[in-house]
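Chemist: just a sequence and a predicted model for now, questions to come.
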Amino acid sequence: MFRPAPRASGYLHTGYGEDIALLQTRTERASLAVFAILLAVFPFLASPFALDLACQVFLASVGALSLMLLTGYAGQISLGHAGLIAAGAFTTGILAREISAPFWITLPASALTGIVLGFIFGLPSLRLRGLYLAVSTLALHFVVIYLGGEYETKRGFSTGIVVDPPRFAGMKLTDGRAWYFVLLAAAVVSLLICVNLLRSRSGRAWQALHVRETVAEALGISVARYKLLAFVISSSMTSVAGCLFAYYRGFVSIEAFDLFLSIQYVAMIIVGGMGSLLGALLGAAFITVFPYLIEALLRLLPNVQKLAGEIFAVNYAAFGLVMILFLIFEPLGLVGIWHRLQNYFLLWPFRYKPLAGARK
Amino acid sequence: MTRLHHPLPAEEEGDRSCSTSGIALQLVVNIIVLGSIYALIACGYVLIYRVSRVLNLAHGELMMLGAYLLLATASLFNGHPAIALAAAVLLSLLAGALVYVFLMRKMTGEMVLAAILTTVALGILIRGAVLLIWSAQQQYPAQALGVANPSFSLFGGARISFWSAVLVAITIAVYGALFGFLRFGRWGMRMRAAGQNPLLAAQRGINLHGVYALAWCLSTLTGAFAGILMALDSGLTSSMPIIGLKAFPAALVGGLDSLAGALAGALIVAGAEVLLIYYVDPLLSDVVPFLVLIAMLVVRPWGLFGTREELDRV
Amino acid sequence: MLKRIVVGGLTACAIALPAAAQDAYLVGITAALTGPPSSTYAPAVDALRIYIDRVNAAGGVNGKQIRLVIEDDGAQPSKAVANTKKLITQDNVILMVNASLSSTYAPVIAESKNANVALLFASGVCPQSVYPPADPLQFCTTGYASQFDSRATLEFIKAAAKGTVKIGFAAMAIPLSRGEMDYAMELSKKMGMEPVDQEVIPPPTADYTSFATKLKDAGPNWVYSWAPWVTQVRTLEALRKLGWDSDYIAWGHLEAEAELARLKDGKFYVVNSNALFQEKQPIHQEIEVAASKAGSKFPAQTMTEGWIGGMAIEAALKGAGWPADPAKVRAAMENLKIDTKGLRGGPIEWTKDNHFRTQLYYRVYKWDGDKIARVQDWKTYEVK
């Protein structure tokens, strides 16, 4: 999305700053401005339901971006994402409950929990690869969930921890619109962090060790160090997402973080398109909106009330089906579709891609 | 859980298990039964992984599907439990073949994560479909079939129910048959060959798709056995796949491509689980298999009997 | 290309769907339609729906229709609170109903409190906050209730048992069940019984044998379980498999009638506050006819709680008048008397302080040879 590949010719850069700028062409800047205006205006035009949906999409995209960083770019498979979100949410809940900590303590605390857990989750990656790494992250996820459950039971919060909304200068953050902007800011900050990480030395190191570890090591990239770095950064971002999750929902309880949540995040990056940050965003939006889409489609059928109990099952089945369809027929994901769309317009009235000049 | 002061052994009839040897024997029986369940499920994982290097995370759901198919055939063949059982087993075999032909065949050659995720998505699809068709209600296939589940006494006061005993017997039979088949059967040899070196096997004229389809059929078959017997023993709920997921560490602990390892791993995991529940904390039951798994991954990632080189394949 | 435009358009339509016509009473329900304990709650919600459909077909209440908005929470607290948020803020319901596991109560109560919308527990266990002095927003029609149930059960055990009672307890790992078993344990000591063991079993358990082994080893001659049906009956089956053949008593949830016939266990007692369908009262036949006409996939015997819940909703909305808002509904509910027409031992009465009922009625049943026998007829308890 922000790859500096100018489409028109004749753009001359006179300084390093211009060279590494995120937005290089006028078109890019203009379209971003338009998009920003749309985003800013949206909460004032949309229904509360759509607002809530948008907030959920932003929340999901933080987790999706971090997972994309870990799995899409650094190539470390992680099925334990829900455990990390749970860790962040529980840190927030525990601190808020036990010592009434305000959000500017719980947020860094969640990030710290994420760093520690990321280190633990990342240790197996030094020995294992592929399937075994995925399995180890899965096992660690279950352990984290168990610990959370034990805490809940032992401390008497068996139904979960109620979290008060955070306070900014005395005001409570409960308004939907305020949350929209907060979560939008979080998503934008995550995106910027990811973009800049990928353009830096770490990003290049990750891409190198994703492709071929031995060659990366031979080139002087410390594979162990960068693997752990990937896990640590990704996990801390995910834990921060968990913290936001706890505040947004106002409630933390352990069964919200089941295996299906991990699968959903993995689905986000696969459906979105691996190896692309835009893919993470598109995937997050798609997977979050999907159940509501199914529900809306179901409501078009007659005799809806009778199906109320079936909606859950239909959602489940449809989710599995869509994931299978994407994996078989669209391995490049939504980003692949997006690029094909872009190419169609770029190349119109021609149909076929030339060897250069179009996005891959 | 609060354990209060344990009273002195009662004089009541039939309460002999208050003695420690009685408890120990009952625990042993529990371990054997649970171990058989895990072993029967684990051999499904091992079969597919050994032959095609794919981890089938939908195994739990396929197992559940087998049990629900029994429910369907029970209502179809009302009054003929043997025919209903046979029909359910055959249908599961067919389901396994269909899964391979229409789904997994398209994923050959794709990266590891994609193949695993396809099975996960398949599992989710099956779960949703089962919920839609049969609803989330508790079902009792034993009642639908009209068969009873009496429990009888073993030596020393330990007790086991009929269908649990059948499950242990079938596990032993299945393992024996699989060992023999893989070692001596013609297709068994082909399966082993395809597992060791697919390219060479294909060059040698072995029909890889046929071998993989056979692996999926056998895996679904053993899974269906496990699901059906468990359902007959203690009822059928839509949360049965959880057991499938708990059996997966058993397969891994023993080595994902070793049948003997699956058996060993299942017994280890079952033993750990039963003993920890009894002596430590009942709520540990869900996480114990994964603790064992982590321990194994730290010490010896390729399992007790797995082939070491598996690690370097990405 | 065209396909993508169509899909995109559908998406936009789906998201921008405005709320439908507001010319009806809107009642929101969050229920455990799926998940392990769903066999207790899903039939109740279906029964509620059928009852309300009948009321609507007969012209509705105060001339307006009642529209139920049902959301599944799978017995998970986080889903329940998300459903509640959606129902209150998006659908603008004037009455919330919780038909789910007690672990979902805390967050749903908090959410309803925020919006000042009355919360009715129908088919979910009655929390202590509806006993006098009652929380202004919470009401309960469900037959089973903490503390009173144990009291009635233990009194029955004391009366029926011969000799010393060594009693074991089985709870599900949810707060209300555990709390109730703790309370029952204390009460049993005061009544001269000897509690020997208490097992707490997590909800999605595959194998009850280990827990039953521990329970059996403690040597009880009575076991009392007060938990969702699946825990109660699976524990019983595991105990029987292990060869324990003494008396077991449990709460008679909706599934009790069918399950008694399936288990054919002569020492399995159920404590009920609902009359069983085999009594063949006119109201039971009415329910059976309605259920078969609506094509419900649940047997009619499981519909008592939902039916009573529907009666409560109808009466509350009638009292609230039109146009109704949450405050009017709450006011109407604070002064309600529901004639259960024989489904319970007597009517349900709500006052300002008592959102539970003024009198409780209990019966005890068990399987006797070839049919269900009533072991104890309606016993009344006052609620103070």
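Modeler: Perfect, thanks for sending it.

Chemist: now the strands: where do they sit in the chain?
Modeler: Went with chain A since none was named. Listed in chain order, the strands of chain A (DSSP state E) span A:161-162, A:167-168, A:171-172, A:251-252.

Chemist: hm, I was asking about chain C
Modeler: Going by DSSP E, chain C shows strands at C:24-31, C:65-72, C:95-99, C:118-121, C:138-140, C:166-172, C:194-201, C:222-225, C:247-251, C:268-272, C:336-338, C:348-350, C:359-368, C:371-382.

Chemist: and B:G22, which of those strands is closest to it?
Modeler: Proximity to B:G22 (C-beta to C-beta) singles out strand C:194-201 among these, at 16.3 Å. The C-beta positions use only the backbone N, C-alpha and C, and glycine is treated the same way.

Chemist: mind checking how far the closest one is from the chain centre?
Modeler: Offset of strand C:194-201 from its chain centre (C-alpha atoms, centre = their mean, to the nearest Å): 24 Å.

Chemist: quick one, it and strand C:166-172 angle?
Modeler: 20 degrees (axes from the mean of the first three to the mean of the last three C-alpha atoms, to 10 degrees).

Chemist: and strand C:194-201, anywhere near chain B?
Modeler: Yes. For strand C:194-201, a contact with chain B is found by C-beta under 8 Å from any C-beta of the partner chain, at C:E194, C:P195, C:V196, C:D197, C:Q198, C:E199, C:V200, C:I201.

Chemist: in this structure the last one contacts C:T209, no?
Modeler: Read that as C:I201. No. Using C-beta atoms under 8 Å, C:I201 makes no contact with C:T209, being 11.3 Å away.

Chemist: that older thread, tell me which of the strands of chain C sits nearest to chain A.
Modeler: Set against chain A and scored by C-beta to the nearest C-beta, the strands of chain C come closest in strand C:65-72, at 3.9 Å.

Chemist: so, in contact with chain B or not, the closest one?
Modeler: No. Strand C:65-72 does not reach chain B (C-beta under 8 Å from any C-beta); its nearest approach is 9.7 Å.

Chemist: distance from that strand to the middle of the chain?
Modeler: When distances are taken as C-alpha atoms, centre = their mean, strand C:65-72 is centred 18 Å away from the chain's centroid.

Chemist: give me the contact list for that strand.
Modeler: With contact meaning C-beta atoms under 8 Å, 6 or more residues apart in numbering or on different chains, strand C:65-72 is reached by A:305, A:308-309, A:311-312, C:23-34, C:45, C:48-49, C:52, C:55-56, C:60, C:79, C:83, C:86-87, C:91, C:93, C:313-314, C:317.

Chemist: show me the helices in the stretch 151-300 of chain C, by range?
Modeler: Here the stretch 151-300 of chain C has its helices, by DSSP state H, counting those that start in this stretch, at C:175-190, C:209-217, C:229-241, C:256-263, C:282-294.

Chemist: to chain A, which of those lies closest?
Modeler: helix C:175-190 (4.4 Å).

Chemist: now do the closest one, average pLDDT.
Modeler: The predicted model assigns helix C:175-190 a mean pLDDT of 86.

Chemist: likewise for stretch A:176-185?
Modeler: Confidence for stretch A:176-185, expressed as mean pLDDT, is 90.

Chemist: repeat for stretch B:104-120
Modeler: 83.

Chemist: start and end of it, how far apart?
Modeler: Stretch B:104-120 has an end-to-end distance of 12 Å (C-alpha to C-alpha, to the nearest Å).

Chemist: also stretch B:100-107?
Modeler: Taking C-alpha to C-alpha, stretch B:100-107 runs 10 Å from one end to the other.

Chemist: make a markdown table out of the strands of chain C and add mean pLDDT and mean neighbour count.
Modeler: A markdown table is the format used below for those (pLDDT from 0 to 100; neighbours: other C-beta atoms under 10 Å in any protein chain shown):
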| stretch | mean pLDDT | mean neighbour count |
| --- | --- | --- |
| strand C:24-31 | 90 | 25 |
| strand C:65-72 | 88 | 22 |
| strand C:95-99 | 92 | 28 |
| strand C:118-121 | 92 | 27 |
| strand C:138-140 | 91 | 26 |
| strand C:166-172 | 89 | 27 |
| strand C:194-201 | 86 | 23 |
| strand C:222-225 | 92 | 28 |
| strand C:247-251 | 90 | 24 |
| strand C:268-272 | 89 | 24 |
| strand C:336-338 | 87 | 17 |
| strand C:348-350 | 87 | 21 |
| strand C:359-368 | 86 | 20 |
| strand C:371-382 | 83 | 13 |
